[in-house]
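Peer 1: Here is my input; please provide its structure:
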Amino acid sequence: MVADFLYDLHTPVAAEDFARHIVSVASHHLKGYRVCFDQSPLKKGRYQAHTSHPTPCPNERVGQIVSQSPSYQYAITDGRERVIMITDFVSQRAFQRTDFYQEVFKAWDVHYQVAACLKTKSYVCGFSFHRDRPIGEEFRGILQAVYPHIERAFENAQRRSLPSGYVHLHALDLPGIGLTRRESEVLLWIAEGKRDAEIAKILGVSRRTASKHVENILEKLEAETRTAAIARAAECLRKRFYNCSNERFDTHSSPLSC
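Peer 2: Model (predicted):
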């Protein structure tokens with residue numbers, strides 16, 4: 001059962017398809033549990049979830065009350081444990097008094113949860129299993145054993161969504177490859193096909209200043225053309241992202257936190 005789950009888990013998918021994929025795989029191989037993969041923004045953004053539950057609570061409402069979950073509170077405060085149960089933090093009776101339990105768990109006709117937590121710079125994800133009776137330590141142990149595979153599959157999905165020749169300012173840290181924050185912005189607009197005069201207008205600087213930034217970018221990236229600079233930056237970022245991922249698996253730190 002576990003071997004088949006892991007085999008299907010590592011089927012290549014893009015980041016936008018990962019939630020649906022992992023819920024489908026888990027539902028197929030791990031019978032007796034309702035499964036959910038949710039994404040909660042750390043700052044701005046909307047709560048999103050994909051679940052095997054036939055009558056899920058609307059995402060908008062869950063996003064309003066998810067902070068009542070002690071598992072969520074633990075995850076967003078950088079708790080070290082990656083596989084957790086709500087009953088690790090509060091009694092079942094206390095949890096049942098929350099709106100989160102009354103509106104979410106009761107709608108799903110479940111009472112207990114164990115979750116594997118994944119965290120990025122923008123959001124915290126929960127890969128959770130629910131059922132109507134207590135979840136034993138044996139199942140938690142299985143989830144802990146396969147967690148590195150879940151994390152790697154998640155990382156690989158994020159990596160597949162990186163454009164091959166496009167540098168996205170919000171996806172990775174361009175200053176980390178030797179560019180200043182302003183040069184990072186300029187390179188982003190170069191990747192959008194903007195010329196010096198257009199970049200100057202967007203950034204509110206002179207054309208001469210914009211051209212100087214472009215000159216510095218080409219020099220730092222050892223590129224002769226704008227296209228070459230974009231390709232060079234993308235390659236540097238992919239290598240840096242890959243190395244960062246390998247370090248995470250060695251140190252058991254959170255996804256995308258390097």
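Peer 1: Restrict stretch 141-154 to CA atoms and write it as CSV.
Peer 2: C-alpha atoms of stretch 141-154 as CSV (Å, rounded to 0.1, in the frame of the first residue of the first chain):
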residue,chain,number,x,y,z
GLY,A,141,4.3,7.0,12.2
ILE,A,142,3.6,6.0,8.6
LEU,A,143,2.9,9.6,7.7
GLN,A,144,6.1,10.7,9.4
ALA,A,145,8.0,8.0,7.4
VAL,A,146,6.7,9.1,4.1
TYR,A,147,6.9,12.9,4.9
PRO,A,148,10.2,13.4,3.1
HIS,A,149,8.6,11.9,-0.1
ILE,A,150,5.7,14.3,0.3
GLU,A,151,8.0,17.2,0.7
ARG,A,152,10.1,16.2,-2.3
ALA,A,153,7.1,15.7,-4.5
PHE,A,154,5.8,19.2,-3.4
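Peer 1: which of the residues in stretch 226-233 are buried?
Peer 2: For stretch 226-233, a neighbour-count test (16 or more other CB atoms under 10 Å) marks 226, 229-233 as buried. Yep, even glycine has a C-beta here, placed from its N, CA and C like the rest.
Peer 1: Now intersect the residues you listed with the helices, please.
Peer 2: Mapping the buried residues of stretch 226-233 onto helices (DSSP state H) picks out 226, 229-233.
Peer 1: Next, format these as JSON lines and append distance to Ile202.
Peer 2: Output for those, formatted as JSON lines (distance: CB to CB, whole Å):
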{"residue": "Arg226", "distance to Ile202": "16"}
{"residue": "Ala229", "distance to Ile202": "18"}
{"residue": "Ile230", "distance to Ile202": "17"}
{"residue": "Ala231", "distance to Ile202": "22"}
{"residue": "Arg232", "distance to Ile202": "22"}
{"residue": "Ala233", "distance to Ile202": "19"}
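Peer 1: for those, which one is nearest Phe37?
Peer 2: For those, the closest approach to Phe37 (CB to CB) belongs to Ala233, at 31.6 Å.
Peer 1: With Leu188 as the reference, measure out to that closest one.
Peer 2: 10 Å (CB to CB, to the nearest Å).
Peer 1: ok so, going back, which of the ones in helices among the buried residues of stretch 226-233 lies closest to Met85?
Peer 2: Distances from Met85 to these, taken by CB to CB, are shortest for Ala233, at 43.1 Å.
Peer 1: pLDDT score assigned to the closest one?
Peer 2: For Ala233, the model assigns a pLDDT of 79.
Peer 1: re the thing from before, pick out whichever of the ones in helices among the buried residues of stretch 226-233 sits closest to Phe100.
Peer 2: Checking those against Phe100 with CB to CB, the nearest one is Ala233 at 43.0 Å.
Peer 1: I figured that closest one was touching Glu222, is that so?
Peer 2: No: here Ala233 lies out of contact with Glu222, judged by CB atoms under 8 Å, at a distance of 11.0 Å.
Peer 1: Glu235 - that's part of a helix, no?
Peer 2: Yes: counting by DSSP: H, G, I helix; E, B strand; the rest coil, one finds Glu235 located in a helix.
Peer 1: what does stretch 49-59 contact?
Peer 2: Residues from elsewhere that reach stretch 49-59 (CB atoms under 8 Å, 6 or more residues apart in numbering): 19-20, 23, 26-27, 34-39, 46-48, 62, 103-104, 107-108, 110, 130.
Peer 1: Take the residues you listed and keep only those in helices.
Peer 2: 19-20, 23, 26-27, 62, 107-108.
Peer 1: how about the helix or strand hosting Val214: buried residues?
Peer 2: If you go by DSSP states H and E, Val214 is part of helix 207-220. Residues 209-211, 213-214, 217-218, 220 are the ones in helix 207-220 that count as buried (16+ other CB under 10 Å).
Peer 1: tell me the helices in the stretch 151-258 of the chain, going along the chain?
Peer 2: For the stretch 151-258 of the chain, the helices defined by DSSP state H, counting those that start in this stretch occupy 181-191, 196-203, 207-220, 226-251.
Peer 1: Before I go, just wanted to say thanks for your time.
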